[in-house]
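Asks: Provide a 3D model corresponding to the input given below.
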Amino acid sequence: MSEQLTQQEQQAAGEQQRVEWIRSQFQKANQYLAGKGIIPDNVAVTESRYMPPLVALWKLNTKDKQAFWVISGDLPTDHMPFSAAANARDAMRSFSLNWQLKAEHIVNSESVDKTQQDFANLLVSRAQGLYELFEDDALWQSQA
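Replies: Numbering: from 1, shown residues only. Down below sits the predicted model:
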């Protein structure tokens, strides 16, 4: 009986960690937008996706009736207008492609220091990971 209880406790602890991770990523996404002068009003929960501990993809609506995709997690936090992607899966692909282009632009610029080169490498690495997630049909079963 105690072994079963321990397993239930572990599941509960795992779920609590998942919820805390999602909450922290939500705060990170909101702070990121606020830093850009965009004040979020609410999140479209059914259109957002969470894949702890890798990535959270948020559809955030603003008080002035705008909407943005915001990505956070174990990668650079970034955003794009909601109109740039019809759903979370397409947004993930768009972030991936945009990051590859940004990395290429950094590498091809006149003066690239080590910090910029490291950031370009990070963008490429995370872009590849996002594209792999985009291609994984099993992750998107619930999305129409």
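Asks: scan this protein for its longest helix.
Replies: helix 2-35 (DSSP state H).
Asks: next secondary structure after that one?
Replies: strand 40-43 (DSSP states H and E).
Asks: and the helix or strand following that following strand, which strands flank it?
Replies: Of the helices and strands lying after strand 40-43 in sequence (DSSP H and E), the nearest is strand 49-51. Sheet pairing for strand 49-51, assigned by DSSP bridges, gives strand 55-62 (antiparallel).
Asks: what sits up against the strand it pairs with?
Replies: 22, 25-26, 29-30, 33, 38-44, 47-50, 67-75, 82, 88, 91-92, 130, 133 (Cβ atoms under 8 Å, 6 or more residues apart in numbering). (Each C-beta comes from the backbone N, C-alpha and C, glycine too.)
Asks: return the helix or strand in this protein with minimum mean pLDDT.
Replies: helix 2-35 (a mean of 88; mean pLDDT, DSSP states H and E).
Asks: which helices and strands does that helix pack with?
Replies: Judged by 3 or more Cβ pairs under 8 Å, 6 or more residues apart in numbering; DSSP states H and E, helix 2-35 is in contact with strand 40-43, strand 49-51, strand 55-62, strand 67-73.
Asks: buried stuff in that helix?
Replies: By 16 or more other Cβ atoms under 10 Å, the buried positions in helix 2-35 come out as 21, 25-26, 28-30, 32-33.
Asks: just stretch 108-121 next, same as before
Replies: Buried residues in stretch 108-121 (16+ other Cβ under 10 Å): 119-120.
Asks: average pLDDT for it, rounded please.
Replies: For stretch 108-121, mean pLDDT is 91.
Asks: for stretch 44-51, same thing?
Replies: The model assigns stretch 44-51 a mean pLDDT of 94.
Asks: could you list the buried residues of that stretch?
Replies: Quick answer for stretch 44-51 (16+ other Cβ under 10 Å): 47-50.
Asks: want to throw the residues you listed into CSV with distance to residue 104?
Replies: As requested, the buried residues of stretch 44-51 are exported to CSV (distance: Cβ to Cβ, whole Å):
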residue, distance to residue 104
47, 30
48, 29
49, 27
50, 29
